[in-house]
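> Predicted model and sequence follow; I will ask about them next.
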Amino acid sequence: MTAEPELVAEGVAPQLPREPGDELDAIVYALPEIVRGINASRNAVTGRLTMAQVRALLRLVGAGSLTMGELARRMGVSCAAATQVIDQLVALGLVVRERPEWDRRRVLVRLAGAAEPEVQRALERRRRQVGAVLAQLTLPERQAFA
């Protein structure tokens with residue numbers, strides 16, 4: 001068992017375990033720095049979307065269309081919270097609400113055509129953030145995340 005790293009000033013990463021087989025410890029100690037890096041711009045992921053809005057868009061990308069209940073479940077939020085996010089995305093022109101002919105009681109949501117560039121910008125920004133954090137780790141530490 002390795003000793004816990006010393007607590008240091010915020011923004012300075014603690015010394016990570018370097019012993020073979022300590023991948024789990026390396027992840028445990030590195031994870032707060034990774035999360036901090038990713039969350040650095042949490043409320044403005046693409047410059048105009050909140051993290052909740054981006055999460056909703058990402059859930060809709062491969063789904064085609066979803067009911068509000070299914071979207072809420074996939075996001076891990078209440079139907080009311082998902083509805084609030086979708087209201088915002090509809091106002092931005094990124095999501096469309098539809099009532100299917102086969103059941104007019106249901107409301108489905110899907111990405112609007114304008115959403116694709118926003119989703120791509122959000123994903124690219126996320127890739128840059130994760131890449132910047134991973135670049136600070138050693139090769140064995142990065143491999144532990146794979």
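Right, received. Where do you want to start? Numbering: from 1, shown residues only.
> Regarding this structure, what is its longest helix?
Secondary structure assigned by DSSP state H gives helix 115-134 as the longest helix of the chain.
> now for that one, which elements pack on it?
Contacts defined by 3 or more C-beta pairs under 8 Å, 6 or more residues apart in numbering; DSSP states H and E place helix 115-134 against helix 23-38, helix 51-61. Yep, even glycine has a C-beta here, placed from its N, CA and C like the rest.
> Next, the angle helix 23-38 makes with that helix.
With axes from the mean of the first three to the mean of the last three C-alpha atoms, to 10 degrees defining the directions, helix 115-134 sits at 130 degrees from helix 23-38.
> can you pull the buried residues of helix 115-134?
Of the residues in helix 115-134, 115, 118-119, 121-123, 125, 129, 133 count as buried by neighbour count, 16 or more other C-beta atoms under 10 Å.
> Return the closest of those with respect to E98.
A115 (14.4 Å; C-beta to C-beta).
> I figured the closest one hits I86, correct?
No. If you go by C-beta atoms under 8 Å, A115 and I86 don't touch, sitting 11.9 Å apart.
> anything in contact with each of the two?
Both A115 and I86 are contacted by V95, under the criterion C-beta atoms under 8 Å, 6 or more residues apart in numbering.
> leaving aside the residues next to it on the chain, what's closest to the most centrally placed residue in the chain?
Per C-alpha atoms, centre = their mean, the C-alpha nearest to the average position across the chain is that of R55, at 5.9 Å. In space, and not counting its chain neighbours, R55 is closest to M75: 5.7 Å by C-beta to C-beta, 6 or more residues apart in numbering.
> Quick one: neighbours of the one you found, just the number.
17 (other C-beta atoms under 10 Å).
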